[in-house]
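Trainee: I would like to see how this sequence folds:
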Amino acid sequence: MTDRTTRLGYYADVVQRLSGALRAASLYSITHPSVDEHVRALLDAVQRLHKTESTVLIGLVGGELIADDTPLLAMTPYRAEFIRYLQALGVNRIVLTRGIALDELRAFVRAASQPGPRAEASGDEADIDFLKLAHLRAGRIPVDTTTGSWGTSAVTLRQVYSGSVEAARMIWESTRIEKIPDAPMAHETVDQLAEAVSSSPARMIGLTGMKEHDEYTFTHMVNVSILAMAQARALGIEGRPLRALGLAAMLHDIGKVLTPLEVLNKPGTLTPAERAIMRRHPTDGAAILRGARDIPRLAAVVAFEHHVRRDGKGYPDGVERAEPNLGTVVCGISDVYDAMRSKRVYQAALPAQRIMEFMTNRDNAQFDQHLVRLFIGLMGVYPPGTLARLTSGEVGVVAGTDGPDPSLPTVNVLYDPSGARLVEPRARRLWDRAAGDDAVKVEAALDPSAYDIDPMEYL
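Mentor: Numbers count the residues shown, from 1 in each chain. Below you'll find the predicted structure:
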């Protein structure tokens, strides 16, 4: 087996050759010698990988290319071009198995350069084949964390999340430079986040609190989208409306691409002039999104309204909504929660319990209390993935709130009261008084790194 760096280099070469073959086929006839030269180079690159890998899987996860369970990121300059090809085709997986022939690669390049109408998923996000040959399969399959999909290990939720953060960065940069978001990438990213939230809501909510990425702007885009879609599903919203809301939530702050960095990242208090500049981002965002093709109009509405308040004390100045759009309210709750729990240059992170107290304060007219209660019931006072010490002295990972009291979650206990690590985690349903846990509560949230624990392994 080749070492990992060499293997990733081989994958990057396959992506480069695929991208080159597709580019040549779009410029020339499929029978042109240049196209054949590119396809032969592609076969060489694939066969080099097949010497050690029986199956070559290249996937598009959250807007980022994944190969060998790793985002390719800067491994190849052709990455962004190839991503655009896959998005245009509606493809998120290409599987190349050992024994592939030149004619099969020619067939793929021919089909990809002359695509017909895109198929739509039906039912529960059924698999859709773009092309299926003896040793090549390309198409779309839903996000799945089980094994065996298309004969390979499926993607992990961490890959979906990390790929989505990278996609958010690219969407932000495309908007900053071109003054319009990359709509295909935004749709692809939200589609996969929606699939992940629908299949594993507690684990996706847990990922939003892991703080594995330092870029607040991009993690915030992804976190607000996940949290908004989790709320929407609890309200019975599914399908296209769910994805439209997820996209609106991801792009709610996109107007900040026009905010000067010295204002956006200022560590101290903003001056009145700087505050006025900052408060332009809802109108800037709405203007950007209204002019964007293939972006639902809900996105512009949410961008404009997400700082509007019922009492007229929000902004843009003078705008008041007696009944803001439901998408705006759901997004606003997610936005404030994620912002308050995040450490930034001008703000320390607050614990979840303090944030919940702020959001449920009777004097706070900013939030719809019915939806806040729904959110707290979904998140719990201690969200999934929180490492917690119990009043019994035990330490464990909060797995979710499936009881009537959001402050009494189900905890997967990892350490007994003496501090000894358990061989197998033991679930304690703190809300289940019949189980004898009536005196046990969460005492404090802990830092997982101090225990060398990955909370996601216990959700």
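Trainee: what's the burial count for residue 163?
Mentor: Residue 163 has 26 neighbours, counted by other C-beta atoms under 10 Å. Bear in mind the C-beta positions are built from the backbone N, C-alpha and C, glycine included.
Trainee: packing partners for the stretch of helix or strand it belongs to?
Mentor: Using DSSP states H and E, the element containing residue 163 is helix 157-178. Applying 3 or more C-beta pairs under 8 Å, 6 or more residues apart in numbering; DSSP states H and E, one finds that helix 157-178 contacts strand 55-61, strand 64-67, strand 70-71, helix 183-199, helix 201-207, helix 216-234.
Trainee: distance from the helix or strand following the longest one to the middle of the chain?
Mentor: Scanning forward in sequence from helix 216-234, with DSSP H and E defining helices and strands, the next element found is helix 239-250. Between the centre of helix 239-250 and the centre of its chain there are 12 Å (C-alpha atoms, centre = their mean, to the nearest Å).
Trainee: now for helix 239-250, which elements pack on it?
Mentor: helix 183-199, helix 216-234, helix 297-305, helix 326-340.
Trainee: next, the angle from the longest one to helix 297-305.
Mentor: Translated: helix 216-234. Here helix 216-234 runs at an angle of 120 degrees relative to helix 297-305 (axes from the mean of the first three to the mean of the last three C-alpha atoms, to 10 degrees).
Trainee: what do you get for the first one?
Mentor: With the same axes, to 10 degrees as the criterion, the two stretches helix 183-199 and helix 297-305 enclose an angle of 90 degrees.
Trainee: how about the helix holding residue 163 as CSV, C-alpha atoms only?
Mentor: Output of helix 157-178 as CSV, limited to C-alpha atoms (Å, rounded to 0.1, in the frame of the first residue of the first chain):
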residue,chain,number,x,y,z
LEU,A,157,-21.2,13.2,8.8
ARG,A,158,-17.8,14.9,9.7
GLN,A,159,-17.0,14.9,6.0
VAL,A,160,-20.4,16.5,5.2
TYR,A,161,-19.8,19.2,7.8
SER,A,162,-16.1,19.9,6.9
GLY,A,163,-17.0,19.9,3.2
SER,A,164,-19.8,22.3,3.8
VAL,A,165,-17.6,24.7,5.7
GLU,A,166,-15.2,24.7,2.8
ALA,A,167,-18.1,25.2,0.4
ALA,A,168,-19.3,28.1,2.5
ARG,A,169,-15.9,29.7,2.1
MET,A,170,-16.1,29.3,-1.7
ILE,A,171,-19.7,30.7,-1.8
TRP,A,172,-18.6,33.7,0.3
GLU,A,173,-15.6,34.4,-2.0
SER,A,174,-17.6,34.0,-5.2
THR,A,175,-20.0,36.5,-3.8
ARG,A,176,-17.3,38.9,-2.7
ILE,A,177,-15.5,38.8,-6.1
GLU,A,178,-18.4,38.4,-8.5
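Trainee: angle of that helix against helix 183-199?
Mentor: 150 degrees.
Trainee: in helix 157-178, which residues are buried?
Mentor: For helix 157-178, the neighbour count (16 or more other C-beta atoms under 10 Å) marks 157-172, 174-175 as buried.
Trainee: where is the longest helix in this structure?
Mentor: helix 4-27 (DSSP state H).
Trainee: elements contacting it?
Mentor: With contacts taken as 3+ C-beta pairs under 8 Å, 6+ apart, helix 4-27 sits against helix 33-50, strand 55-61, strand 64-67, helix 79-89, helix 102-113.
Trainee: so where is the stretch 201-350 of the chain shaky, pLDDT-wise?
Mentor: For the stretch 201-350 of the chain, the stretches with pLDDT under 70 are 212-214, 321-322, 344-347.
Trainee: recalculate using a threshold of 80.
Mentor: Across the stretch 201-350 of the chain, the ranges flagged by pLDDT under 80 are 210-214, 310-313, 317-324, 343-349.
Trainee: could I get the helices and strands packed on helix 239-250 as TSV with distance to residue 43 and mean neighbour count?
Mentor: Below are those laid out as TSV (distance: least, C-beta to C-beta, whole Å; neighbours: other C-beta atoms under 10 Å):
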stretch	distance to residue 43	mean neighbour count
helix 183-199	28	23
helix 216-234	37	24
helix 297-305	43	23
helix 326-340	47	23
